[in-house]
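Coordinates for the following, if possible.
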Amino acid sequence: MVNKNTAAKTSMLMKNFSVMSTLSPFIVVAFLLFSILRPNYASDLFNQARDFITADLSWYYIGLMNFYLLFIITIAISKYGRIRLSGENDKPEFGYFSWLSMLFGAGMGIGILFWSIAEPITHFQNNPFLEQASTTEASQIAMRLTMLHWGLHGWALYAAVGLILSYFAYRKGLPLTISASLYPILGDRIYGPIGKMADLLAVLGTVFGVATSLGLGAQQMNSGLSSLMGLEVSVSTQITLIIGISIIATISALSGVNRGIRLLSELNMQLTGVILGLFLVFGPTIYLLSSFAGNIADYIVNLPRLGTWVNTDPDEQWQASWTIFYWGWWIAWSPFCGIFIARISKGRTIREFIFGVLLAPTLLTLFWITVFGNTALHIELFGNGGIVSAVNMDTTTALFTTIKLMNLGKILATLAASICTLMLITYFVTSADSATLVICTLVTGGQRNPSPVTRIFWGGSIGAVAAVLLYSGGLSALQTASIVTALPFSIILVLATYGLCKSLYQEEKSVSTLKQANN
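Sure, this is the predicted structure:
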């Protein structure tokens with residue numbers, strides 16, 4: 001248990017965050033200047049770091065993701081699952097629809113719009129488990145691999161980080177920061193340099209993880225606007241889009257969680273329902289519904305084998321380019337999503353929290369991937385094709401090429417493309433404004449309502465990092481940023497997990513001792 005001086009020390013922690021508030025912007029600005037002034041050198045340096053990680057530490061990333069999937073399920077079904085993440089009589093702040101909408105909007109959004117067609121179509125042509133490309137069997141393997149990367153592993157990690165932060169914030173009365181989760185290990189030292197470093201790593205992981213998604217979203221948004229309006233596809237156009245959307249996201253962040261973010265998240269879910277309905281009704285309906293059941297079964301059966309597979313061939317780069325990129329991306333996003341999930345989950349039991357975060361978004365994600373991915377694969381297998389060639393030429397065109405080839409007619413095709421483009425914008429804004437509030441929470445020592453100036457600075461910084469990454473190397477630079485920034489934060493995450501286990505054990509032991517004394 002946290003000692004009796006928690007309140008005073010929490011106040012001390014808040015004051016000490018003036019150093020964090022200065023240091024973290026300095027590092028971000030230094031990165032931006034370095035990448036702009038020396039783009040080639042910066043790209044080479046980042047690529048060297050990525051190559052080292054993918055060559056020598058793939059086993060670590062894979063082991064870490066599998067550990068958290070097993071860990072979070074174990075906690076949910078254990079005796080600790082009944083513990084409420086608040087006072088015993090507190091009720092959740094948000095209803096289930098708003099809660100799940102914000103979970104999904106912050107945790108997925110742009111990424112799944114980008115990859116739900118592009119990834120299965122790419123695996124359909126080449127992957128280490130393929131005997132013959134572009135066949136019915138190849139399509140099943142492609143969906144299996146895509147679901148591996150977007151399924152339970154990632155949401156288990158989000159649930160773990162969110163649980164750790166919720167527990168120490170709402171159960172122990174500590175600030176909603178990464179450093180607070182280290183209290184059982186470090187004690188009062190979390191109020192010093194070590195604690196600040198933990199939160200700094202979380203800030204940097206959030207900035208680069210979210211910037212990766214925003215960069216991908218800008219590329220695909222550019223393709224959508226090109227399809228609808230003939231807008232030029234170029235890096236300069238994408239950077240302009242990032243600037244414009246970042247301004248909107250910052251305005252939304254200024255309005256707070258209960259207004260801008262909640263309303264946008266609910267709009268995202270409504271648009272998602274509309275576009276999934278369009279694909280289901282006007283696409284190969286029976287094929288999609290049967291594929292969903294088959295995909296789920298196939299994913300579950302093959303999950304242990306695929307989830308623990310480690311490539312041992314130094315010349316085979318598939319796992320580095322896909323699985324390790326995804327695991328790095330999930331880890332880099334985890335401080336952002338963990339804090340945001342914790343911010344909206346006060347009042348729920350640990351069991352309710354874990355199963356809500358783990359199962360509902362995963363099922364929606366896998367259904368989304370089935371509807372989009374299998375529609376594209378159906379066109380390739382049983383239609384006139386054309387998506388494979390489009391993806392091979394430009395990954396960002398996958399979604400809008402699929403819409404064109406669905407034979408929806410001009411009006412419906414334009415409507416579907418318009419909805420998808422609007423979704424890119426709203427998911428873009430949701431991710432950016434949520435990340436802005438999370439970073440502000442970290443740099444201000446857990447304040448729930450950071451100052452407008454702080455929100456404006458960090459809202460602009462996230463967009464600036466995304467723009468610079470696009471400028472300095474495009475998709476490769478975005479992928480590299482996620483893989484590299486995930487490594488240092490993963491160490492903090494492991495320590496925080498140990499801290500949670502230690503604190504849960506001590507709390508349960510105290511409760512048992514009290515019961516024995518009363519008896």
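
Tell me which helix or strand the residue nearest to F124 when sequence neighbours are not counted sits in.
Closest residue to F124 apart from its sequence neighbours, by Cβ to Cβ, 6 or more residues apart in numbering: A142 at 4.3 Å. Placement of C-beta: from N, CA and C, glycine included. Using DSSP states H and E, A142 sits within helix 136-150.

avg pLDDT for that helix?
On average, the pLDDT along helix 136-150 is 95.

again, but for stretch 213-227
So the average pLDDT for stretch 213-227 ends up being 75.

same question, stretch 66-83
The pLDDT scores in stretch 66-83 average 94.

What strand or helix carries F400?
With DSSP H and E as criterion, F400 is part of helix 398-404.

contact partners of that helix?
For helix 398-404, contacts defined as Cβ atoms under 8 Å, 6 or more residues apart in numbering pick out 113-114, 116-118, 121, 220, 223-224, 227, 372, 375-376, 379, 386-387, 390-391, 413, 416-417, 420.

same check, this time on stretch 368-387
112, 116-117, 119-121, 124, 134, 136, 139, 142-143, 146-147, 150, 272, 276, 279-280, 283-284, 287-288, 291-292, 295, 388, 398-399, 401-402, 405-406.

next one: stretch 71-80
By Cβ under 8 Å, 6+ apart, stretch 71-80 touches 81, 156, 159-160, 163, 350-351, 354-355, 358, 497, 504, 508.

re the thing from before, so which bits of the helix holding A142 are buried?
Buried residues in helix 136-150, counted by 16 or more other Cβ atoms under 10 Å: 138-150.

Turn these into CSV, including distance to I248.
Output for these, formatted as CSV (distance: Cβ to Cβ, whole Å):
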residue, distance to I248
A138, 41
S139, 38
Q140, 40
I141, 40
A142, 35
M143, 34
R144, 37
L145, 35
T146, 30
M147, 32
L148, 34
H149, 29
W150, 27
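
out of those, who's nearest I491?
I491 has its nearest neighbour among the buried residues of helix 136-150 in H149, at 23.1 Å by Cβ to Cβ.

Give me the distance between that closest one and H123.
Distance, H149 to H123, by Cβ to Cβ, to the nearest Å: 10 Å.

can you check L263 too?
As for L263, its distance to H123 is 36 Å (criterion: Cβ to Cβ).

the more surrounded of those two?
Remark: of L263 and H123, H123 carries more neighbours, 25 against 15, as counted by other Cβ atoms under 10 Å.

returning to what we had before: for PyMOL, what selects the buried ones among the contacts of helix 398-404?
A single PyMOL command selects the buried members of the contacts of helix 398-404 (16+ other Cβ under 10 Å):
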select buried, resi 113+114+116+117+118+121+220+223+224+227+372+375+376+379+387+390+391+413+416+417+420
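
Quick check: the gap between S321 and A169.
37 Å.

Compare neighbour counts for these two and give me the winner.
Using other Cβ under 10 Å as the criterion, S321 and A169 rank with A169 on top: 22 against 14.

Specify the local secondary structure of the more buried one.
Taken by DSSP: H, G, I helix; E, B strand; the rest coil, the conformation at A169 corresponds to helix.

separation between it and I341?
As judged by Cβ to Cβ, A169 and I341 stand 12 Å apart.

where are the low-confidence patches of the stretch 301-450 of the chain?
445-450 (pLDDT under 70).

any chance you could map the strands in it?
Ranges of strands within the stretch 301-450 of the chain: none, based on DSSP state E, counting those that start in this stretch.

Fine, thanks again, bye for now.
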